[in-house]
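Q: Sequence first, then the predicted structure, then my questions.
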Amino acid sequence: MLFVVDRKDLDYQTMKEYNTFQKDSANGTRSTRELERRLNETDIYKKIIITTIQKLGIFIQKNKQHPIYNKHIVLIFDECHSGHFGYAHYAITKAFKNYHIFGFTGTPIFFR
């Protein structure tokens, strides 16, 4: 599972909260390279991978044919109103083939 946040400071804060609830349940990513390393691990389904929308976007741009795209994955977006629109959403849904997406927001979105 990927838990995607919209700001770097939420990366660490979210990991800390998950690990307070359940010890060693989540891994943060300090860089796109670390995100890639975590997605290459064989035990990917054992821990929640927390990353930013920016790191995920860079990963997708640099890894057009990554094996993770064909695995079943859950993508959870925190504050989805601010970072998961337009091109970001298009790139993610185009890259991943077998996924479920959930988005959380505390900010109402009004469509006209």
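A: Arrived safely.
Q: And the longest helix along the chain, what's buried?
A: In the chain, ranked by residue count with DSSP state H as the criterion, the top helix is helix 8-21. Neighbour-count burial for helix 8-21 flags 10, 11, 14, 15, 18, 19 (criterion: 16 or more other Cβ atoms under 10 Å). C-beta: built from backbone N, CA, C; applies to glycine.
Q: Would you check that the second one makes contact with residue 29?
A: Yes - the criterion here is Cβ atoms under 8 Å, and residue 11 meets it with residue 29 at 6.9 Å.
Q: give me the number of residues near the nearest residue to residue 5 once chain neighbours are set aside?
A: Among residues not flanking residue 5 along the chain, residue 78 sits closest, at 4.9 Å (Cβ to Cβ, 6 or more residues apart in numbering). By the criterion of other Cβ atoms under 10 Å, residue 78 has 21 neighbours.
Q: per-residue pLDDT, residue 78?
A: Listed pLDDT for residue 78 reads 87.
Q: picking that back up, any chance you could list residues touching both of residue 11 and residue 29?
A: Residues touching both residue 11 and residue 29 (Cβ atoms under 8 Å, 6 or more residues apart in numbering): 50, 51, 52.
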